[in-house]
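> Take this sequence and fold it.
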Amino acid sequence: MKKTLLVIALAFGAFATMGQTPEIYVGGLELTGSGIGVSISPGVWHNGQFQPFETGGTLNDIFVSGGDVYAVGYLNNAAMMWINGVSHPIDIAGNYTTATGIYISNDNVYVCGMMAGFTGLDAVLLINDNPIGLPRDVSSALECSVNAVFVENDIAYIAGSTSINDIDTGGMYASLWIVENNNIYYHILPYRNSEANDIFVKDGEVYLFGVYKTNGYKPAFCKVLNATTETPQYETQIIEEEGDFDVFAGYVDGNNVYMVGGKDQNAEPGNDVMPKACLWSNGNMTFLADTTYASVAMDITVFNHIPYITGVVSQNVEDISCYQATLWENNQAQTLYNGLATKIFVTEENSLYSVLQNQVSVYPNPAIDKFYLEGIDYDYVKIYDLFGREVLSRGKDKEICIENLVKGIYNVRIFADGKVIGNNKLVKQ
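Next up is the predicted model:
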């Protein structure tokens with residue numbers, strides 16, 4: 001299926017404050033310059049400003065947890081995680097690897113990705129940097145691709161596709177992997193020429209979002225029931241609109257099922273395909289942008305029952321300097337910066353984190369071999385790495401030695417009466 005716009009995503013988050021107003025973080029690529037001299041910088045937009053990260057690399061997904069921003073993708077053909085903008089290589093074996101999705105739950109970091117094997121692409125899930133190979137039938141499956149991961153009740157659900165090599169039934173099939181403790185379920189959906197590009201889980205019901213080829217590629221979502229069994233049931237809705245479509249993301253809010261993507265159509269005979277950004281709400285399609293321009297909707301989330309969508313609008317699809325990163329809030333468009341806006345993270349403001357930080361201070365920060373704590377009384381201190389693993393524990397010491405810790409970013413949590421009364425970020429140099 002033809003993709004006209006190259007889309008690469010990053011979203012970012014930060015500490016929240018008091019109130020109910022949402023904090024909106026939009027990630028993607030900022031494009032500066034023109035022609036062969038264009039410069040591409042991944043980064044984050046927040047409060048009216050775009051803050052670029054390092055040049056190069058591809059960012060495929062983000063997750064914000066505890067004030068930390070986790071992004072995954074690849075750099076120099078190797079899977080990579082960025083934590084608060086600092087690169088951390090991901091240990092996926094293979095010459096060409098990438099990380100495509102991330103989710104954090106109960107201090108556990110889940111990352112899905114792919115690697116180039118001897119018989120095609122293989123899929124993998126990492127939990128706290130420990131890899132778990134996702135199965136495929138190598139006798140008939142050429143390769144597997146995974147696009148998104150969702151975690152509920154410590155069960156990881158991964159959406160992707162399986163390429164089947166068979167003269168009669170060959171093609172791409174939307175697929176679902178589930179990792180529950182020591183059990184792995186692998187379901188190839190019975191829909192030839194289908195793709196699953198995003199996933200949402202609600203009370204054990206799994207929603208897969210993507211496309212299904214009938215007379216052209218059509219928007220579709222599938223609700224998978226009894227997914228953690230060998231005999232799941234599928235309830236699929238295919239939206240029979242005229243034309244070819246892409247679906248990149250979906251979200252479930254109460255009884256409302258949302259999808260976003262684009263419709264491919266020719267602006268004039270002989271011209272290249274001009275995609276049109278689309279939103280589907282319970283199967284009803286709405287164009288988000290002026291249909292005389294090229295546009296694509298790439299991600300969606302819902303906050304207080306209001307959809308927030310990111311995407312790209314361009315008056316000239318052949319000139320990437322014309323790309324405008326766009327945010328649609330309740331279907332109202334706002335241009336953010338020159339570039340691509342392909343991931344969004346919306347969070348409610350939370351005063352707890354700020355209160356915890358103000359009760360106990362950490363200095364110096366950054367620190368080289370030790371740091372000091374100052375503030376209210378406490379019982380003990382624990383230090384965690386950004387994968388949630390405890391690396392150091394001390395009592396009521398005011399001076400903490402960290403000379404044996406590797407360089408990086410850590411969470412310093414202070415406890416009293418068995419409760420967390422302080423939570424600080426520490427940079428170890």
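> Residue 405 is in contact with residue 392, correct?
Yes - under the criterion of CB atoms under 8 Å, residue 392 makes contact with residue 405 at 6.8 Å. The C-beta positions use only the backbone N, C-alpha and C, and glycine is treated the same way.
> For residue 154, grab the count of nearby residues.
Residue 154: 13 surrounding residues under other CB atoms under 10 Å.
> who's in contact with it?
Contact analysis of residue 154 by CB atoms under 8 Å, 6 or more residues apart in numbering lists 105-106, 108, 180.
> run the last query once more with 10 Å
Taking CB atoms under 10 Å, 6 or more residues apart in numbering, we find residue 154 in contact with 105-106, 108, 110, 127, 179-181.
> any common contacting residues for residue 392 and residue 405?
In contact with both residue 392 and residue 405: 383, 385, using CB under 10 Å, 6+ apart.
> how near is the most centrally placed residue in the chain to residue 80?
Taking CA atoms, centre = their mean, the centroid of the chain lies closest to residue 61, which sits 2.8 Å from it. From residue 61 over to residue 80 the distance is 12 Å, taken as CB to CB, to the nearest Å.
> what's the overlap in contacts for these two?
71-73, 99.
> May I see the residues you listed arranged in a markdown table, with distance to residue 295 and pLDDT as well?
Formatted as a markdown table, the shared contacts of residue 61 and residue 80 follow (distance: CB to CB, whole Å; pLDDT from 0 to 100):
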| residue | distance to residue 295 | pLDDT |
| --- | --- | --- |
| 71 | 24 | 85 |
| 72 | 26 | 87 |
| 73 | 23 | 85 |
| 99 | 27 | 91 |
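> Could I get the buried residue list for stretch 415-429?
Buried residues in stretch 415-429, defined by neighbour count with 16 or more other CB atoms under 10 Å: 416, 421-428.
> Out of these, the closest to residue 361 would be?
residue 424 (7.5 Å; CB to CB).
> quick one: contacts for the closest one?
So residue 424 contacts 67, 356-357, 359-363, 365, 371, 373, 375, 383, 410-414 (CB under 10 Å, 6+ apart).
> What number of residues are in the vicinity of the closest residue to residue 329 other than its chain neighbours?
Spatially, and ignoring its direct neighbours in sequence, residue 329 is nearest to residue 308 (5.6 Å; CB to CB, 6 or more residues apart in numbering). Using other CB under 10 Å, residue 308 has 20 neighbouring residues.
> Which SSE is immediately downstream of the one helix or strand residue 308 maps to?
Assigned by DSSP states H and E, residue 308 belongs to strand 306-314. Using DSSP H and E, the helix or strand that follows strand 306-314 in sequence is strand 323-329.
> Could you tell me how far that next one lies from the centre of the chain?
18 Å (CA atoms, centre = their mean, to the nearest Å).
> do the same with stretch 57-65
The answer for stretch 57-65 is 5 Å, by CA atoms, centre = their mean.
> ditto for stretch 328-347
Worked out by CA atoms, centre = their mean, stretch 328-347 lies 15 Å from the chain centre.
> Can you show me the CA trace of that stretch as PDB?
What follows is stretch 328-347, C-alpha atoms only, in PDB (Å, rounded to 0.1, in the frame of the first residue of the first chain):
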ATOM      1  CA  TRP A 328      -6.500  18.900  16.200                       C
ATOM      2  CA  GLU A 329      -8.200  19.500  19.600                       C
ATOM      3  CA  ASN A 330     -11.900  18.500  19.300                       C
ATOM      4  CA  ASN A 331     -11.400  18.700  15.500                       C
ATOM      5  CA  GLN A 332     -10.100  22.300  15.700                       C
ATOM      6  CA  ALA A 333      -6.700  22.600  13.900                       C
ATOM      7  CA  GLN A 334      -3.600  24.300  15.200                       C
ATOM      8  CA  THR A 335      -0.300  24.600  13.400                       C
ATOM      9  CA  LEU A 336       2.600  23.900  15.800                       C
ATOM     10  CA  TYR A 337       5.800  24.100  13.800                       C
ATOM     11  CA  ASN A 338       7.400  23.200  10.400                       C
ATOM     12  CA  GLY A 339       7.600  19.400  10.300                       C
ATOM     13  CA  LEU A 340       5.700  16.300  11.300                       C
ATOM     14  CA  ALA A 341       3.600  15.800  14.500                       C
ATOM     15  CA  THR A 342       3.100  12.100  14.800                       C
ATOM     16  CA  LYS A 343       2.700  11.200  18.500                       C
ATOM     17  CA  ILE A 344       0.700  12.800  21.300                       C
ATOM     18  CA  PHE A 345       0.700  12.400  25.100                       C
ATOM     19  CA  VAL A 346      -2.000  14.200  27.100                       C
ATOM     20  CA  THR A 347      -1.800  14.000  30.900                       C
END
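> pLDDT averaged over it - what is it?
Mean per-residue pLDDT for stretch 328-347: 89.
> With stretch 305-324 instead?
Taken as a whole, stretch 305-324 has an average pLDDT of 86.
> tell me which residues in that stretch are buried?
307-314, 317, 320, 322-324.
> Between all of these, which two are separated the most?
Within the buried residues of stretch 305-324, 307 and 320 form the most distant pair, 26.8 Å apart (CB to CB).
> circling back: among the buried residues of stretch 415-429, name the ones in helices.
In helices, judged by DSSP state H, none of these are found.
> just the residues you listed now: which is nearest residue 289?
residue 425 (38.8 Å).
> What residues are bridge-paired with that closest one?
Counting by DSSP bridges, residue 425 is bridged to residue 411.
> ok so, going back, among the shared contacts of residue 61 and residue 80, which one is most surrounded by other residues?
If you rank these by neighbour count (other CB under 10 Å), residue 71 sits at the top with 30 neighbours.
> ok, residue 380 to residue 425 distance?
19 Å.
> ignore the last one, residue 59
Look at residue 59 and residue 425: by CB to CB, they are 21 Å apart.
> Check residue 404 too.
Residue 404 is 19 Å from residue 425, by CB to CB.
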